[in-house]
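1. Fold the following and give me the result.
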Amino acid sequence: MDHPTTLYPLPTAELSRKRRELAPGLAAAFRDFSRQVFEPGALDAKTKQLIAVAVAHVTQCPYCIRSHSAGALKAGATEPEVMEAIWVAAEMRAGGAIAHSAIALDEMAAHATPSADPSPR
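-> Residues are numbered from 1 along each chain as shown. Presented below is the predicted three-dimensional model:
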């Protein structure tokens, strides 16, 4: 079997067909759910697509990044708005790493050996 030269397989009609064939009910339910989520409601379509762009960057889904970037532009977002959404995602991902450092700091404290007090007297 030949392997693609790209990291991720290109999305194809054949892959979509196979997904539907292997789990038709779930595929249909997901498609319906997705359609409903992106319908305008309390948030307009552009805002929902910009949120999706940010989340796609945090989850690092290349297919979602491509489709929701296009979706945001189609819904009226500007290129600077799409990029700003990406910067929000970057900050949130970095912030998560900083916040989770509390777990490592707590673990280090639990494993620390008592040492002499380094403070001057």
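
2. now do the same end-to-end measure for stretch 72-79.
-> End-to-end distance for stretch 72-79: 9 Å, by C-alpha to C-alpha, to the nearest Å.

3. tell me how far that stretch is from the chain's mean position?
-> In terms of C-alpha atoms, centre = their mean, to the nearest Å, the centre of stretch 72-79 is found 18 Å from the chain centre.

4. State the mean pLDDT of it.
-> The pLDDT scores in stretch 72-79 average 98.

5. mind listing what's buried in that stretch?
-> Along stretch 72-79, these residues count as buried under the neighbour rule (16 or more other C-beta atoms under 10 Å): Ala72, Leu73, Ala75, Ala77. The way it works is simple: take the backbone N, C-alpha and C, and place the C-beta from them, glycine included.

6. Thought Pro11 was touching Tyr63, still the case?
-> Yes: at 5.9 Å, Tyr63 and Pro11 qualify as touching, with contact defined as C-beta atoms under 8 Å.

7. circling back to that earlier point, now, the buried residues of stretch 72-79 that are in strands?
-> If you go by DSSP state E, the buried residues of stretch 72-79 have nothing in strands.

8. out of those, which are inside helices?
-> Counted as lying in helices by DSSP state H, out of these, are Ala72, Leu73.

9. State the pair within the buried residues of stretch 72-79 that is farthest apart.
-> By the measure C-beta to C-beta, Leu73 and Ala75 form the most distant pair in the buried residues of stretch 72-79, at 7.4 Å.

10. now the helices for this protein?
-> 13-22, 24-37, 45-59, 62-74, 79-111.

11. so which of these is the most packed in?
-> Ranked by mean neighbour count under mean count of other C-beta atoms under 10 Å, the helices of the chain are led by helix 45-59, which reaches a mean of 19.

12. what about Ala97, distance to Ile65?
-> 20 Å (C-beta to C-beta, to the nearest Å).

13. what bits of the protein have low per-residue confidence?
-> Scanning the chain for pLDDT under 70 picks out 1-5, 115-121.

14. So for it, which residue is the most central one in space?
-> For the chain, the residue sitting closest to the mean C-alpha position, by C-alpha atoms, centre = their mean, is Thr59 at 2.5 Å.
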